[in-house]
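Asker: Here is a sequence together with a model predicted from it:
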Amino acid sequence: MEGEYREMLLLTGLDNITEEELKRFKYFALTEFKIARSKLNTADRAELAEQLIQSAGAESAVMKAICIFRKLNYMHIANALEEKKKEAESKYMTNTKKKGTQKVENRSQAEKCSVASATCSDKNFKEHSTTKVCPQAKPQKKQMVAEQEAIREDLQKDPLTVMVLKAISPFECETQEGKQEIFHATVATETEFFFVKVLNSQFKDKFIPKKTIKISNYLWHSNFIEVTSSSVVVDAESNHEVCVPNNIIKRARETPKISKLKTQPCGTIVNGLFKVQKITEHKGRVLCGIHDRTDTMDVLLLGNQSQAICEEGDKVRLTFFEVSRNGEKIQLKSGPCSFFKVIKAAKPKTETKSVE
C-alpha cells in the first residue's frame, strides 16, 4: 500500500495546487510534521511529498495532508485525495481477503480430520460418527477464525504509544457480539489525537487521563481506533512517556464548529457539546436541532438515544456520532455505539416577596 499512498499524495494532492496554495500548505505542515522550516521552504512538490512520508509514514502523511487541505478550505483536493485513498484501500482489502480466505480453506482441507477411525467397528461408527466431532475440530475452528481476523487490512499489531486525554464511563450497547459494556476515549501522540472505541470495559483502568499506554492488536479505521477483546493495552515504560503539545490537547477538547462539520465527508466521527434549538418527532424518528454562532444542524437520534428527553435551551454532549447525509442535507446521526448526554438548562430563579 505504501506505493499507492506515495502516488496519491503527489499526483492527486500536491500536484494539483498552485504555487501560492503550496506556500500556505507548507505553513500548516510545520505544525503537523516534524520537518525543519529551512528544508520545508526549499522543497519542490516531489521533495515535499518525500519529506512528509519520512516524517509521518505514507498513510499518516496522506491523512495529515487531507486535514491541512480541509483547514485551508481546498475541499476539491481534500475530497479527491480521500476518495483515492478509499478506493486504494478497498481494492487492497478485497485482494487481501481473497488471498487469506484461500489460505484458510487450503489449510482447513489439508488438516481436516476424519469423523471416525478406519478401525472403528460398525457399531461405534453409527453411535459416534453422526453426533460427535473429531477432537481437533474445535481448535481448528478457532485457528480459522484467528487467521481470518489476522488478514483484516486494518489490524495493527505493532504497539501505538499514546497519552490518554479523556475517557467516559462504560455504558451498555448492542454490538456484533450482543449486548456488552463499552466506553469511548480520546488519546494523543506528539503530533495528533485519536478517538478510541473500546469494546472491552475491563480496559477502563488503563485509560486514565494523563497516563501513557501502549495499544497493540487494535483495528485502525479512517478516523478512529477500535480496541477489542483481542487487543493488548499495557502501561508504557517510564522512558517512553508521551509529551503531548498544548495545541493538540486544545484541538482534542474543542467542539467542532457546525459550519466546518458540514464540509466533512460522511462517516466522520464527531464528539462535542452543542446547544439544542428544537426537537422534532416524526414517524418514530427524533431530530434534535443544534446550533452555534456559525450555523444550525439536525442530529438524528436512533435506538436508545431517541428516548433521551431534552428541550430547547438544553445542551447535549454527543460522543461518537457521525456525519451523514439526508438527501442534500448534512446531519449528524447516532449509531449503536454512540453516547448521548443531556445537560439541562438552568432554570431562572423566581423572586420571592417578603411578607411583612
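Answerer: Good, I have the coordinates.
Asker: List the pairing partners of the longest strand seen in the chain within its sheet, with orientation.
Answerer: Among all segments of the chain classified by DSSP state E, the strand with the greatest residue count is strand 269-282. On the basis of DSSP bridges, the sheet neighbours of strand 269-282 come out as strand 285-291 (antiparallel), strand 315-326 (antiparallel).
Asker: what residues are up against Met163?
Answerer: Neighbour list for Met163: Val187, Ala188, Thr189, Lys210, Lys211, Thr212, Ile213, Glu241, Val242, Cys243, Val244 [criterion: C-beta atoms under 8 Å, 6 or more residues apart in numbering]. No exception for glycine: its C-beta is placed from N, CA and C like everyone else's.
Asker: And those, which is closest to Arg317?
Answerer: Relative to Arg317, the closest of the contacts of Met163 is Val187; by C-beta to C-beta it sits at 18.7 Å.
Asker: which SS state does the closest one fall under?
Answerer: Assigned with DSSP: H, G, I helix; E, B strand; the rest coil, Val187 falls in the strand class.
Asker: Show me the one of the strands paired with strand 269-282 that comes nearest Thr255.
Answerer: Closest approach to Thr255 among these is made by strand 315-326 (9.0 Å; C-beta to C-beta).
Asker: List of residues touching the closest one?
Answerer: Looking at strand 315-326 with C-beta under 8 Å, 6+ apart, the contacting residues turn out to be 168, 184, 195, 197, 224, 261, 264-276, 288, 290, 298-300, 308, 310, 330-335, 337-343, 345.
Asker: Quick check: Leu273 vs Ser60, distance?
Answerer: Distance, Leu273 to Ser60, by C-beta to C-beta, to the nearest Å: 29 Å.
Asker: got any ranges where the stretch 251-356 of the chain has weak pLDDT?
Answerer: 282-284, 304-308, 348-356 (pLDDT under 70).
Asker: And the helices in the protein?
Answerer: Applying DSSP state H to the chain gives helices spanning 2-7, 19-32, 37-42, 45-56, 58-71, 75-111, 122-128, 137-150, 246-253, 258-261.
Asker: how about the shortest one: buried residues?
Answerer: Of the residues in helix 258-261, those scored as buried under the neighbour-count criterion (16 or more other C-beta atoms under 10 Å) are Ile258, Leu261.
Asker: hang on, the earlier thing: could you give me the PyMOL syntax to select whichever of the contacts of Met163 are buried?
Answerer: Selection command for PyMOL covering only the buried members of the contacts of Met163, criterion 16+ other C-beta under 10 Å:
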select buried, resi 187+188+189+211+212+213+242+244
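Asker: Just the ones of the contacts of Met163 in strands?
Answerer: Secondary structure of the contacts of Met163 is defined by DSSP E; positions in strands are Val187, Ala188, Thr212, Ile213.
Asker: thinking again about what came up before, which one of the contacts of Met163 is nearest Leu22?
Answerer: The closest of the contacts of Met163 to Leu22 turns out to be Thr189 (C-beta to C-beta; 26.3 Å).
Asker: contacting residues around the closest one?
Answerer: Thr189 makes contact with Leu160, Thr161, Val162, Met163, Val242, Val244 under the criterion C-beta under 8 Å, 6+ apart.
Asker: quick one: the nearest residue to Glu281 once chain neighbours are set aside and Ser230, what's the gap?
Answerer: Here the nearest residue to Glu281 in space, its sequence neighbours aside, is Leu287; by C-beta to C-beta, 6 or more residues apart in numbering that works out to 7.7 Å. With distances taken as C-beta to C-beta, Leu287 is found 37 Å from Ser230.
Asker: and if you look at Cys310?
Answerer: Using C-beta to C-beta, Cys310 is found at 37 Å from Ser230.
Asker: Those two: which has the busier surroundings?
Answerer: A side-by-side neighbour count of Cys310 and Ser230, using other C-beta atoms under 10 Å, places Cys310 first with 19 against 15.
Asker: so who does the closest residue to the more buried one other than its chain neighbours touch?
Answerer: Residue nearest to Cys310 in three dimensions, not counting chain neighbours: Val342, with 4.4 Å by C-beta to C-beta, 6+ apart. When contacts are counted by C-beta under 8 Å, 6+ apart, Val342 touches Ala308, Ile309, Cys310, Asp314, Lys315, Val316.
Asker: Quickly list what Val342 is bridged to.
Answerer: Here Val342 shows beta-bridge partners Val316, assigned using DSSP bridges.
Asker: can I assume Asp158 is in contact with Lys214?
Answerer: No: with contact defined as C-beta atoms under 8 Å, Asp158 does not count as touching Lys214 (9.9 Å).
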